[in-house]
Structures are given as structure tokens and as C-alpha cells.
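>>> sequence? don't have it. structure:
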Ligand code: AMP
Ligand code: MN
Ligand code: MN
Ligand code: MN
């Protein structure tokens, strides 16, 4: 088990625990250092930091940036950020603006598919924070349109389905720049989830590394053990550091728990190898 969990979500994006509840949950599960990496926002970080300080736990200021690369959505995690950095904040604000527009567009599309009120429903579930497809999914489940969140994605929210609206997220180079300018380290999140061919994944990793990206999320709550070993190999081949994160979204998703991540495979250089105890609570 590793002491680090460097990928998690709170109610600031599509998690169901508040930053305070999330930090407490991580602490109870034995996590020593947690990164809060909400989608396209760092809004929850200051609350999480206060909660972690009370528990004498490490809290890494992070974000998970939505990127469109080669026609598909890719997630780039930033760790150890100065959350007040102007360029990062502007970049994220732009993505949240696109989210607002997209949420309305998804609502209109679902309305055309005879599902009224989905925009208002998702908005209410987001509690004044950003709206993600997860909020639409929870609304649709609550209203009996699908049996669970995964089922909603399959039937409504992905390419070719009635509630799908294509993402127009950040460019890969911009996302990495924002993270680096804010003093952070960029990580390709859950690389096995993109279902890319080896050639395409290599192209992504090369571009990411050339842009100044530093690490691959080798251990992820959404990776199988085989995928973990494959990604460890890629990290080694490209000279990248390795990260580990659960991608925890709350207790409603029991297949991803905190505090039970596998250790990085042998030969991996952890992204935290040179983190000082001071950096941990920045
Ligand atoms: P968004 O960034 O608003 O497009 O929403 C993406 C989020 O939806 C991801 O971060 C996941 O939390 C969730 N998600 C994506 N695909 C699925 C799926 N097939 N089943 C359950 N949740 C999913
Ligand atoms: Mn999510
Ligand atoms: Mn992700
Ligand atoms: Mn995530």
C-alpha cells in the first residue's frame, strides 16, 4: 500500500464528499498525503488544506484539467500548484465557462429526447459548483431513466447518444504550461483509460514530455494490475516519473476505495521522490 493518494474529487467538482469530509475519509483510510484534484477547479483546496492541517496530514494542491488532444478527451493532473496563479486561474475559468455552455446544450439535447428538466436537475445537484456529466448522470438515475451512473453514460452521455455534446477543452500544451507556470508538476491521469493504441499513446506521451510534463499516473483506481505494469514500462521508456491516485469520487462508487492503492511497480521513480515535508502542506 502506498502512503500517497494523488488523485481525488470533492463537491467542488463531481465528488460527493466536501473537501473536509474527503480529507477525514482519507485520513481514516490510512492515507498520509492526499492530493485534491477536482476537475477544472482548485476551489476546494483551501478548505481541504485546513482540514488536513487539523489532522496533521499532507495535502497537495492539485487539479485535473480537461484537455482535447487528437479528437479525444484526456485528463492532465497538476500537483503542488500555486492555486492563486493568474494564468492557471484564467485557464481554468475558461474551461468552466465551456462547462456552463455545455451543460445547457446537454439539457437541450436531452429535452429533445423527451427528458425535460435535466439541466435544472444537474445544476441543483452541483450545489453552485461546476456542472459535470456526473451530475446529469445522477439526475437521470434519480429520475428512473437508467439503473446506475455507468448505465447513463453508456445510454445517454457518450458519443452517438442523445445527451452527448463534444468536449472542446484545453490544448495539451496549454494545460501543461498553466501547471508549470503555477509551479506544479503535470501528470497524465489514468493513461490506460483512453483505450489508445500503443502508437497513439506513445505520441501523446512524447508530446506531453516535450511540453514539460513530468509523470504518468501508473497506479490508478481505474487500472487493472496488467495496465499498471504496462504504464510503468511506458514511464520507464520515456524517462517519466510515476504517480499513484485512487480517483476517488465518494462512497457511492464502492469499486474505488481509498487507502488500498497498490505500490508502484519496481523500477518506478515516484513523483514524490524529492518532495520535502514543507512542500506537502503548501
Ligand atoms: P465531464 O468532465 O463533465 O465530461 O465528466 C467526466 C466525468 O464523468 C469523469 O471524471 C468521471 O467521473 C465520470 N465518468 C465518465 N465516464 C464514466 C462512466 N462510463 N461511468 C461512470 N462515470 C463516468
Ligand atoms: Mn469525475
Ligand atoms: Mn479523469
Ligand atoms: Mn479524476
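Happy to help now that I have it. Nothing here was measured: the structure is a model prediction, and the numbers come from that model. Numbers count the residues shown, from 1 in each chain. Ligands and ions are numbered 1, 2, ... in the order given.
>>> Can you list the buried residues in stretch 101-115?
102, 103, 106, 107, 109, 110, 115 (16 or more other C-beta atoms under 10 Å). (C-beta placed from N, C-alpha, C; glycine too.)
>>> Against which helices or strands is the helix or strand harbouring residue 137 packed?
Assigned by DSSP states H and E, residue 137 belongs to helix 133-142. Helix 133-142 sits against helix 86-112, helix 118-125, helix 149-152, with contacts defined as 3 or more C-beta pairs under 8 Å, 6 or more residues apart in numbering; DSSP states H and E.
>>> I'd like those laid out as CSV, including mean pLDDT and distance to residue 67.
Formatted as CSV, the helices and strands packed on helix 133-142 follow (pLDDT from 0 to 100; distance: least, C-beta to C-beta, whole Å):
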stretch, mean pLDDT, distance to residue 67
helix 86-112, 98, 9
helix 118-125, 98, 22
helix 149-152, 95, 23
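>>> Reformat these as a markdown table; add distance to residue 227.
Shown next, in a markdown table, are these (distance: least, C-beta to C-beta, whole Å):
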| stretch | distance to residue 227 |
| --- | --- |
| helix 86-112 | 27 |
| helix 118-125 | 31 |
| helix 149-152 | 18 |
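>>> Indicate which one of those is closest to ligand 3.
The minimum distance between ligand 3 and the helices and strands packed on helix 133-142 falls on helix 86-112, with 13.4 Å, by C-beta to the ion.
>>> What lies in contact with the helix holding residue 137?
Applying C-beta atoms under 8 Å, 6 or more residues apart in numbering, the contact partners of helix 133-142 are 14, 103, 106, 110, 115, 118, 121-123, 125-126, 146-149, 151-153, 156-157, 163, 249.
>>> Could you see whether ligand 1 lies near that helix?
Yes. Interface with ligand 1: helix 133-142 contributes 133, 134 (C-beta under 6 Å from any ligand atom).
>>> same question, stretch 41-57
No. On the criterion C-beta under 6 Å from any ligand atom, stretch 41-57 is out of touch with ligand 1, staying 11.2 Å away.
>>> Dihedrals phi and psi, residue 194?
Residue 194 adopts backbone torsions of phi -80, psi -10, taken as degrees, to the nearest 10.
>>> oh sorry, the question was meant for residue 240
Per-residue torsions, residue 240: phi -100, psi 150 (degrees, to the nearest 10).
>>> That one reaches residue 216, doesn't it?
Yes. With contact defined as C-beta atoms under 8 Å, residue 240 reaches residue 216; the gap is 5.2 Å.
>>> picking up where we left off before, ligand 3 next: which of the buried residues of stretch 101-115 are close?
Of the residues in the buried residues of stretch 101-115, proximity to ligand 3 by C-beta under 5 Å from the ion holds for none.
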